[in-house]
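Colleague: Give the three-dimensional model of this entry:
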Amino acid sequence: MFTISWPSLPKLGLSLFSKKGAIDLRPVKIHESETAQDKPGRALKHLLKLNHVEHGLFVQRYLPSQLPELLCASFLQGASDEDLGRIYEDHINSQVKWEDSPAEVTHLDWRGYLGCREYDRAFVNFFEDELARLGYDWREVVAEYLFDDKEPMFNSIMGGLGAPLVHLAHAFEVSSREMAMEALGLAATCHSSTFKDLEDAAPLNKATYESKSLFEILENVRQDKELDNLFNKPDSQNLKSLITSRNPLLLKHWSAWKIESAMEQFRESQELAAALLVGTSDPENARSGSYNSLFAVLLTTSHAVRVVLPLIPAQFQIPLLRQWWLTTVAIYISQLRPEIDSDRILGYDLKGRDWKWTAEKAVKGKFSTDAQFVKVIRALKELSLTWGDSESFFLKAADADRTSGMQDINVPLYLHAEFLPNIRQITLYVSLPGRPEFNGIRPDIQLSESRKAVIVSLPKPFQDVVETIKLPARVSDASRRGLNATADPATTSASGSNSSHDYSFRMQVDPKDEALAPQDELIDDFVPWTAVEMSHLTRIRCRECATPFLLSPANHEDQNEHSQASTVGWVWKDLPSGNWAEMMDFWHCHKPDPHEGHEKDAKDVALQIEDQHAHTKGYGADSQVVAIPGTVLIDVATFLLAESDCIALKKGNEEEQKSTTQTIQPSNQRTLDCATCNAIIGMEDPIANGWRLLKANVSLNTAPASDSDTGTPEWKSQPTEMIIAAQLLELIERESARRFVVHCGQKTGLVLWVFNPDMRYSNSSSGRSIMAQQAMKVFYQDCADVDGLLHPEIGNPSPLSVEELELPSMIFEALSTALRGSNSMLPLSARRFGEWDIGLLSRFRRDKD
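Modeller: The predicted model follows:
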């Protein structure tokens, strides 16, 4: 095998990060496959390139392909060119050909598609274009997009169970630009803001206890009585539930890790990863060679952490460990907290076996095509080289007779239910992967005793796969008879990685269920943060860095002597609906003229008095909303304040025109940026003589004075998609329109058709709650020429009757991300309607007292 030491780093890119960090490890050896002269090295290079050209990043809807990682792990353990060819041929039938993404990804909108796995091809194409721009130095591209940004993608490198991190580590080890581009594609499509949000909230959520030992913390987790009834059985869906709900017990134990001696504590973390895999297995399973694949993920990602730590900026080292630790605690809880017995490893008899023997088993044994098995053996060997192995701890853990044929418990089973109020039915979708091994598999569907949930399980050999969701409404008892899967599923065979076996069922809703009650909804019910929720001490701060923009009046008085709110507190007022202004304008344009005759003078006087009243009371045709010091005016999407009432905000550049193409209309509004983190917070409103702060970009503490004086204040923020949904609902109510052209001042945008403004659904996909949720069902299309659609040339009528909605660029990107993300979690057969894609926007709903 051809190996050389780590090469000198390029002038830019990763050379910027060569300073020593808290964990000063030697870099791993690099195997330059690109210039290798030996047969295995050349075979690896050609197979990685072939796979890169032919196959996508995912073999199923949500599971990344492990073939490139298996090839690398086998090569690094001495596999021959014949071994590599055999492994590739064995996996070729399970790989999925590349598919075109719904749209291209560009410099202008790439962040808007983060987390959208159907854009894997578009992201890889985008990063390869960047590779060309940066002189074909893949390390430059990795540095620019993973680290050199105010919102680095590296903050979510553990997304997708660490697949982007493992892929990146192998790209470094074999110096493969193809794998580097794929790693960036995985980082983009598996992107999640969970870890960053939790890290940002860490100062406000102090740990209830601290420990420097990870083994000790997991023992506390095992003994935690509050976790006893959280889950009934080990299941990968438990992990999803813990992460998406941000379970407070998970966060309590995650935040307990106190890092003081980072190097030693990192070593302990790697020992813990090995102990979790081998020291928690049931002895009966150990004899049959069956281990938990989620614990295997922790070990392989721990090895990937070791590979990249010396190569990344020092400030990312500890956050990377904390990302791995969060995943570890969540997986441990999801697998019902088994006891860790390290003595089971130390007491094992090797019978003279060594690392050469384990490597031989890994690349030539009967499990040599099992990616998890081969990667685990490689990881354990590298751990022994990094830390030494005087007691043969890692070697004993790597005994191939004990770590073979690990069960895959991650068979994806997806459930989706929608409530159709007009026909009083619920449609239930059950989706299985479209792989050959699922042909003929019929799910067993059971209705719960309460008739408010369904439990779906699979027959052997997938008998451990069980999924449950709550239904949006109680169904009738007669629905039990219709829940059978005897009919052939609706299978989309030409969709590659997204192919699936979809079953659908209709269930009649119980006539007595409250979901059938008519909804008489006021506008305040779907608009987050109205005046009724505010107190005179409500405060506003930056959602990103927690910099205050509007303090309590007493504190504000010290910083702004011109504020008028210091004596009585802030006054919060809701702005009226746009209908009010239109009605007043209509009245003043069409009010009757005075009649001729002796009453003319009296009529003139009366109308003059009425105009004066209209002007002073604010409903005259020429009246307008103006910001008032000491008062916060609230509309659907913004807070309007006087400039003198705001602190820690600075005027930015004019609303950026990111595209070089023709824009709809240049904006004369200047952005308002956070003085601390430079995040865009709002816009200057010269007409209202004030500043508008975007609800989506701030957080609020709405507690009354009695609550604010004691304890840690509770800060809340609203999901951006809920605020956009409220804007659309308000336009529907005001304009009686259902179709909208949405853009951010650029040539391109989206066309939305709000098909159902108020629907209830349940979904079991990653990132979604199994509980019933409220949303808008939206059909959407990309629009290549917004101006041409809104203002067609003379003689070319508009094809649609649409309303226009212009959003700030970051809000528009969030809308695009929400729609495309929700589309990817829908069953394949429910993702399109004709030429429209289907998405869901979560709605805000105020709880009734």
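Colleague: I'd assumed Phe844 was in a helix, is it?
Modeller: No - using DSSP: H, G, I helix; E, B strand; the rest coil, the assignment for Phe844 is coil, not a helix.
Colleague: For it, grab phi and psi.
Modeller: Backbone geometry at Phe844, expressed as degrees, to the nearest 10, gives phi -90, psi 140.
Colleague: Now do the contacts for it.
Modeller: Taking C-beta atoms under 8 Å, 6 or more residues apart in numbering, we find Phe844 in contact with Phe526, Val527, Pro528, Gln718, Met722, Ile723, Ala725, Ala726. Yep, even glycine has a C-beta here, placed from its N, CA and C like the rest.
Colleague: Sticking with the residue nearest to Glu226 when sequence neighbours are not counted, tell me its helix or strand.
Modeller: With sequence-adjacent residues excluded and distances taken as C-beta to C-beta, 6 or more residues apart in numbering, Glu226 is closest to Leu249, at 5.7 Å. Element membership of Leu249, judged by DSSP states H and E, is helix 248-254.
Colleague: Contacts for that helix next, please.
Modeller: Helix 248-254 has contacts (C-beta under 8 Å, 6+ apart) with 198, 205, 207-208, 217, 220-221, 224, 226-227, 230, 242-243, 322, 325-326, 329-330, 333.
Colleague: Now which of these would you call buried?
Modeller: Listed as buried from the contacts of helix 248-254 are 198, 217, 221, 227, 230, 242-243, 322, 325-326, 329-330, 333; burial here means 16 or more other C-beta atoms under 10 Å.
Colleague: you'd agree Ala772 is up against Ser762?
Modeller: Yes - the criterion here is C-beta atoms under 8 Å, and Ala772 meets it with Ser762 at 5.0 Å.
Colleague: Return every residue with contacts to both of these two.
Modeller: In contact with both Ala772 and Ser762: Lys470, Leu471, Pro472, using C-beta under 8 Å, 6+ apart.
Colleague: burial measure for the second one, as a count.
Modeller: Read that as Leu471. 28 (other C-beta atoms under 10 Å).
Colleague: count of residues packed around the nearest residue to Asp444 once chain neighbours are set aside?
Modeller: Ranked by C-beta to C-beta, 6+ apart and with sequence neighbours excluded, the top spatial neighbour of Asp444 is Ser457, at 5.0 Å. Residue crowding around Ser457 was assessed by other C-beta under 10 Å; the count is 16.
Colleague: how about low-confidence regions in the stretch 1-150 of the chain?
Modeller: Across the stretch 1-150 of the chain, the ranges flagged by pLDDT under 70 are 1-21, 60-62, 149.
Colleague: ah, wrong one, I meant the stretch 151-300 of the chain
Modeller: Within the stretch 151-300 of the chain, the stretches with pLDDT under 70 are 199-206, 281-291.
Colleague: give me that answer again for 50
Modeller: Residue ranges of the stretch 151-300 of the chain with pLDDT under 50: 204, 283-289.
Colleague: Break down it into its helices, ranges please.
Modeller: Ranges of helices in the stretch 151-300 of the chain, per DSSP state H, counting those that start in this stretch, are 163-174, 177-189, 194-201, 214-223, 236-245, 248-254, 262-278, 283-288, 293-308.
Colleague: Now render the ones you listed as CSV, adding distance to Ile647.
Modeller: CSV is the format used below for the helices of the stretch 151-300 of the chain (distance: least, C-beta to C-beta, whole Å):
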stretch, distance to Ile647
helix 163-174, 39
helix 177-189, 36
helix 194-201, 21
helix 214-223, 40
helix 236-245, 35
helix 248-254, 31
helix 262-278, 37
helix 283-288, 61
helix 293-308, 40
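Colleague: what's the closest of those helices to Val59?
Modeller: helix 163-174 (11.4 Å; C-beta to C-beta).
Colleague: elements contacting the lengthiest strand in the chain?
Modeller: What stands out as the longest strand in the chain, according to DSSP state E, is strand 749-763. Of the remaining helices and strands, those touching strand 749-763 by 3 or more C-beta pairs under 8 Å, 6 or more residues apart in numbering; DSSP states H and E are strand 414-420, strand 466-470, helix 720-735, strand 739-743, strand 773-783, helix 809-825, strand 836-842.
Colleague: Tabulate those in CSV, adding columns for mean neighbour count and distance to Gly482.
Modeller: Shown next, in CSV, are the helices and strands packed on strand 749-763 (neighbours: other C-beta atoms under 10 Å; distance: least, C-beta to C-beta, whole Å):
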stretch, mean neighbour count, distance to Gly482
strand 414-420, 22, 14
strand 466-470, 19, 17
helix 720-735, 21, 33
strand 739-743, 21, 35
strand 773-783, 20, 23
helix 809-825, 22, 25
strand 836-842, 21, 24
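Colleague: residues in contact with the residue nearest to Asp444?
Modeller: By C-beta under 8 Å, 6+ apart, the contact set of Ser457 is Pro443, Asp444, Gln446, Gln463, Val465, Val466, Glu467.
Colleague: Who wins on neighbours among the residues you listed?
Modeller: Pro443 (23 neighbours).
Colleague: residues touching the closest residue to Ala725 other than its chain neighbours, list them.
Modeller: Closest residue to Ala725 in three dimensions, ignoring its sequence neighbours and counting by C-beta to C-beta, 6+ apart: Leu841, at 4.4 Å. For Leu841, the contact set (C-beta under 8 Å, 6+ apart) comprises Glu721, Met722, Ile724, Ala725, Leu728, Ala775, Met776, Val778, Leu815, Ala818, Leu819, Ser822.
Colleague: shaky segments in the stretch 601-750 of the chain?
Modeller: If you take pLDDT under 50 as the line, the stretch 601-750 of the chain has these spans: 616, 621, 656-667, 707-708, 710.
Colleague: Where do the helices of it begin and end?
Modeller: Going by DSSP H, counting those that start in this stretch, the stretch 601-750 of the chain shows helices at 705-708, 720-735.
Colleague: among those helices, which is nearest Leu395?
Modeller: Of all these, helix 720-735 comes closest under C-beta to C-beta, at 50.8 Å.
Colleague: angle of the closest one against strand 739-743?
Modeller: Here helix 720-735 runs at an angle of 130 degrees relative to strand 739-743 (axes from the mean of the first three to the mean of the last three C-alpha atoms, to 10 degrees).
Colleague: Could you write out the alpha-carbon coordinates of stretch 734-743 in CSV?
Modeller: Output in CSV follows, covering the C-alpha atoms of stretch 734-743 (Å, rounded to 0.1, in the frame of the first residue of the first chain):
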residue,chain,number,x,y,z
ARG,A,734,-58.2,40.5,3.1
GLU,A,735,-57.9,39.8,-0.7
SER,A,736,-59.9,36.6,-1.0
ALA,A,737,-57.0,35.3,-3.0
ARG,A,738,-55.4,31.8,-2.9
ARG,A,739,-52.5,32.2,-5.4
PHE,A,740,-49.5,34.3,-4.7
VAL,A,741,-46.2,35.3,-6.4
VAL,A,742,-43.6,35.4,-3.6
HIS,A,743,-40.2,36.9,-4.2
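Colleague: For that stretch, give me every contacting residue.
Modeller: 577-579, 664, 728, 731-732, 749-755, 783, 786, 789-790, 800-807, 812, 815.
Colleague: thinking again about what came up before, quick one, which of the helices of the stretch 151-300 of the chain gets closest to Thr671.
Modeller: Thr671 lies closest, by C-beta to C-beta, to one member of those: helix 194-201, at 21.7 Å.
Colleague: coming back round to it: what's the distance between the residue nearest to Asp444 and Glu467?
Modeller: 8 Å (C-beta to C-beta, to the nearest Å).
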